[in-house]
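Q: Okay, sequence plus prediction incoming.
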Amino acid sequence: MDIDLITQVLFAAIKTGTPLLFIALGEAICEKTGVLNLGQEGMMLMGAVVGFMAAYATGNAGMGILGALLIGMVMSLIFGFLVLHLGANQVATGLALSIFGGGLSAFVGSSVVGQTITGFQPIEIPVLSDLPVIGKVLFSHDPLVYLAIVMAIIISFVTNKTRLGLTIKAVGENPHAANAIGIKVLKVRYLAVMFGGAMAGLGGAYMSLVYTPMWVENMTAGRGWIALALVVFASWRIGNIVLGAYLFGLASIMHLVLQGMGWSISPNLLAMLPYVATIVVMVIISADKYKEKLLAPRSLGKPFDPRQMA
Amino acid sequence: MIRVQARTEPSTLMTFASPFLAIVLTLVFGSILFSALGKDPLQALYVLLVLPLSDAYNISEMLVKMGPLLLCAVGLSLCYRANMWNIGAEGQLLAGALGGSAVALMFVNSDSMLAMPLTLLGGVASGMFWAGIPTYLKIKFNSNLILTTIMLNYIALYLLIWAVHGPLRDPDGFGFPESAMFSDATLLPVLFESGRVHLGIILALLLALFAWFLLSKSHLGFKIRVYGADEPAATYAGFNAKAISWFVMLFSGALAGLAGVAEVAGPIGQLTPNVSPGYGYSAIIVAYLGRLHPAGAIIASIFLAILYMGGDLAQIEMGIPIAVVGMFQGVLLFFLLACDFFIRYRIVSSRENMA
């Protein structure tokens, strides 16, 4: 492999990993408060279609981002109401959100299929982008790639170093104790769910505004689910999530690498790679039963009902 | 003041009323949506719900869609009762279609009596194999079943697409991604002279009845119910959790595999990339709507099949995008989960409470 190909591959890996990073960051916060939202795929698709339509209607990609953030939050509120207020099963409700988002996005998006927009243009960071290899790989991306990294840094700081981070942790580890010391458990969980929704919307918008600036039904192709797996692999640690997202970005574009090296494998078989990789990594990471139990937020997936407080 | 109060015992009435309430609410939601789109809501509901049952041809098409939904949903009902979150019916269905097709294509120029049974067997075995992978990974490596089954859905889809572009493609098919047509000896017999409804729906109904019997009358069914309701109690009673997990998953895989092979050896007649419009995912909704009971799944699968059929008709008759079906399914499950709240809670007025 020559140096140009390596540069191209790493550049594309970061781009491909960015939507995963947005979603996984949002879901990590959500899960840290004890709520498992399996609706990522649905929220992401809605973010993609609404983001695309807003950008298409206004001619402004920034409006697309705004639309995607809002629709992600609205979608997550449906989930939040059912799960937090009505105590519905989190797994079933999340699945419903994914099915609903898939159908609704195809429904509202049918009018813009085949349209194109001008997405975000890359920003070449002065000086740094002129560095050999690294300049292209790290410093000549579109603004959302940088935003994802900045958000990861902020989230890492907030969860590890601030009072808010402790509150999130308390709610996720022991909601009853948190409630007893005056933390509004449901409020924290609502906010975390909405944050997750906004991030999933953003991840979807990245697909339809930057990655392939158009709308196609089910264009996210399971990335919402892969991001959910990513949170588990990363053991809910932000640093691991960043690394994992880019590694999965790399796995998703391996077909380019193999084709570049002159291999001829069916593109349909290569398309399986990210899903196979997800299973393989999941098996390796979760084989240690006790480690996962130790690291997962203790109240993950369990409803908290203030009505039933003794 | 009206407020919410926990019931001392779950309400049996609400358990059965909730799915019907959810359906009514979904239809109300649909009417509002259609009005907002400038379509006549009554006409839209007529096309969605009544037209599919209006003549023999439409009913037969409705039954064609009901078969795979019912088969997948019965399997999923048992899985969910045993706390096995199998989201992989879609992949198991596609694996069944693929494995069954591989067998069927050995009989392209044959009228052997064995063609159909072996094809079905190939589909069932493939579905079981595809369900076996995540079960093994969960039991042996503690992998998250939801995520592995979903990943396997995508893998099965790409495997199928690869096969119709590669090894199973019709050599005389002008390069189209389709297999050769199966021989008549391979195809499932059609039930009536007109229409496409075939043996698959009979098999589906019989298997639903079998699962009903299994769940409510057999010792194994009793174990599944106890295991799902109270895992510690089941462990204390010495039930073999692994055996229960294996059984529900393989049973579910077999049924989904049968659903897949019955599509390719039934109405389609060859392997194409479009075997399933998402039956395996819709079956999750059927299973919930049917209260995770095989008998309930029969009724719920009729409703979802009507909705699928109505979606096709609404697109042709009124220009409503077919995606409305997927959206309604999600809305239906939302309303169902919301209505289920009242199984555990009731609304009381505070004054009554104080008295």
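A: Arrived safely, thanks for sending. In this text the structure is predicted, and so the values were computed from the model without any measurement. Numbers count the residues shown, from 1 in each chain, chains lettered A, B, ... in the order given.
Q: Quick one: list the elements packing against the longest helix along chain A.
A: Ordering each helix of chain A by length in residues (DSSP state H) puts helix A:3-32 first. Where contact means 3 or more Cβ pairs under 8 Å, 6 or more residues apart in numbering or on different chains; DSSP states H and E, helix A:3-32 is packed against helix A:40-58, helix A:134-139, helix A:143-161, helix A:163-173, helix A:185-205, helix A:223-233, helix A:238-252, helix A:254-260. Glycine gets a C-beta too; all of them are placed from N, C-alpha and C.
Q: hmm, stretch A:48-66 in reach of chain B?
A: No: shown here: stretch A:48-66 not in contact with chain B (Cβ under 8 Å from any Cβ of the partner chain), separated by at least 10.7 Å.
Q: Identify the spatial nearest neighbour of the residue in the stretch 101-250 of chain B that chain A sits nearest to, chain neighbours not counted.
A: Taking Cβ to the nearest Cβ, chain A has its nearest neighbour within the stretch 101-250 of chain B at residue B:162, 3.8 Å off. Spatially, and ignoring its direct neighbours in sequence, residue B:162 is nearest to residue A:268 (3.8 Å; Cβ to Cβ, 6 or more residues apart in numbering or on different chains).
Q: Hmm, that neighbour is touching residue B:158, no?
A: Yes: the pair residue A:268 / residue B:158 is scored as a contact, 5.1 Å apart, by Cβ atoms under 8 Å.
Q: Please, which helix or strand holds the residue nearest to residue B:162?
A: Using DSSP states H and E, the element containing residue A:268 is helix A:267-270.
Q: what mean pLDDT would you report for that helix?
A: Helix A:267-270 carries an average pLDDT of 83.
Q: Tell me the helix or strand right after that helix.
A: Using DSSP H and E, the first helix or strand after helix A:267-270 is helix A:273-286.
Q: quick one, that next one and helix A:223-233 angle?
A: Angle of helix A:273-286 versus helix A:223-233, following axes from the mean of the first three to the mean of the last three Cα atoms, to 10 degrees, is 20 degrees.
Q: How about the contacts made by residue B:10?
A: B:343, B:344 (Cβ atoms under 8 Å, 6 or more residues apart in numbering or on different chains).
Q: Ignore what I typed, I meant residue A:54.
A: Per Cβ under 8 Å, 6+ apart, neighbours of residue A:54: A:63, A:64, A:66, A:67, A:68.
Q: mind running it again at 10 Å?
A: A:60-68, A:70-71, A:205, A:209 (Cβ atoms under 10 Å, 6 or more residues apart in numbering or on different chains).
Q: which residues touch the helix holding residue A:268?
A: So helix A:267-270 is contacted by A:252-259, A:263, A:276, B:155, B:157-166, B:177, B:273 (Cβ under 10 Å, 6+ apart).
Q: tell me the phi and psi of residue B:348?
A: When read as degrees, to the nearest 10, the backbone of residue B:348 gives phi -130, psi 160.
Q: which residue sits closest to it in space, ignoring its chain neighbours?
A: With sequence-adjacent residues excluded and distances taken as Cβ to Cβ, 6+ apart, residue B:348 is closest to residue B:5, at 4.9 Å.
Q: Can you report phi and psi for that neighbour?
A: phi -130, psi 140.
Q: That one: neighbour count?
A: 13 (other Cβ atoms under 10 Å in any protein chain shown).
Q: And it, how far from residue B:345?
A: Noted for residue B:5: a distance of 7 Å to residue B:345, by Cβ to Cβ, to the nearest Å.
Q: buried stuff in stretch A:152-169?
A: For stretch A:152-169, a neighbour-count test (16 or more other Cβ atoms under 10 Å in any protein chain shown) marks A:152, A:155, A:156, A:159, A:165, A:167, A:168, A:169 as buried.
Q: Just give me the closest of the residues you listed to residue B:22.
A: residue A:168 (33.6 Å; Cβ to Cβ).
Q: Correct me if wrong: the closest one contacts residue A:299.
A: No: taking Cβ atoms under 10 Å as the definition, residue A:168 is not a contact partner of residue A:299, at 11.8 Å.
Q: Which residues are in contact with each of these two?
A: If you check residue A:168 and residue A:299 against Cβ under 10 Å, 6+ apart, the residues they both contact are A:33, A:34, A:178, A:189.
Q: Can you name the residues that contact the second one?
A: When contacts are counted by Cβ under 10 Å, 6+ apart, residue A:34 is found next to A:90, A:168, A:171-175, A:178, A:185, A:188-189, A:192, A:296-304.
Q: With residue A:55 instead?
A: Contacts of residue A:55 (Cβ under 10 Å, 6+ apart): A:61-68, A:117-120, A:205, A:208-209, A:213.
Q: What are the phi and psi values at the residue most central in space within chain B?
A: With distances taken as Cα atoms, centre = their mean, residue B:283 lies nearest the centre of chain B, 2.5 Å away. Residue B:283 has phi and psi values of phi -60, psi -30 when expressed as degrees, to the nearest 10.
Q: Skip the chain neighbours and tell me the closest residue to it.
A: Leaving aside its chain neighbours, residue B:283 sits nearest to residue B:72 (3.4 Å; criterion: Cβ to Cβ, 6+ apart).
Q: Point me to the helix or strand that includes that neighbour.
A: Residue-wise, residue B:72 maps onto helix B:56-81 under DSSP H and E.
Q: Counting by contacts, list what that helix packs against.
A: Here helix B:56-81 is seen to pack against helix B:89-104, helix B:115-141, helix B:199-217, helix B:219-229, helix B:241-263, helix B:279-289, helix B:294-318 when contacts are counted using 3 or more Cβ pairs under 10 Å, 6 or more residues apart in numbering or on different chains; DSSP states H and E.
Q: out of these, nearest to residue B:182?
A: Among the helices and strands packed on helix B:56-81, helix B:89-104 sits nearest to residue B:182 (Cβ to Cβ), with 4.7 Å.
Q: roughly how far is the closest one from the heart of the chain?
A: Remark: helix B:89-104 is offset 15 Å from the chain centroid, using Cα atoms, centre = their mean, to the nearest Å.
Q: list the buried ones in that helix?
A: Within helix B:89-104, the residues that count as buried by 16+ other Cβ under 10 Å are B:89-104.
Q: Also stretch A:42-59?
A: Applying 16+ other Cβ under 10 Å to stretch A:42-59 flags A:42-56 as buried.
Q: Looking at those, spot the one nearest chain B.
A: Nearest member of the buried residues of stretch A:42-59 to chain B, counting by Cβ to the nearest Cβ, is residue A:42, at 7.4 Å.
Q: what residues are up against the closest one?
A: A:75-76, A:78-79, A:94-105, A:200, A:204, A:220, A:224, B:330.
Q: Show me the shaky parts of the chain.
A: If you meant another chain, say so; for now it's chain A. Chain A contains residues with pLDDT under 70 at A:1, A:289-293, A:307-310.
Q: Oops, wrong one, chain B.
A: In chain B, residues with pLDDT under 70: B:1, B:350-355.
Q: Can you tell me how far the closest residue to residue A:58 other than its chain neighbours is from residue A:264?
A: Nearest non-adjacent residue to residue A:58, counting by Cβ to Cβ, 6+ apart: residue A:64, 7.9 Å away. Residue A:64 is 38 Å from residue A:264, where distance means Cβ to Cβ.
Q: just residue B:61 next, same as before
A: Computed as Cβ to Cβ, the residue B:61 to residue A:264 distance reads 42 Å.
Q: Just want to know which of those two has more residues nearby.
A: The residue with more neighbours, out of residue B:61 and residue A:264, is residue B:61; 20 against 7, by other Cβ under 10 Å.
Q: Tell me how many other residues crowd residue A:250.
A: Per other Cβ under 10 Å, the neighbour tally for residue A:250 reads 19.
Q: What number of neighbouring residues does the closest residue to it other than its chain neighbours come out with?
A: Closest residue to residue A:250 apart from its sequence neighbours, by Cβ to Cβ, 6+ apart: residue A:13 at 3.9 Å. The burial count assigned to residue A:13 is 23, neighbours taken as other Cβ under 10 Å.
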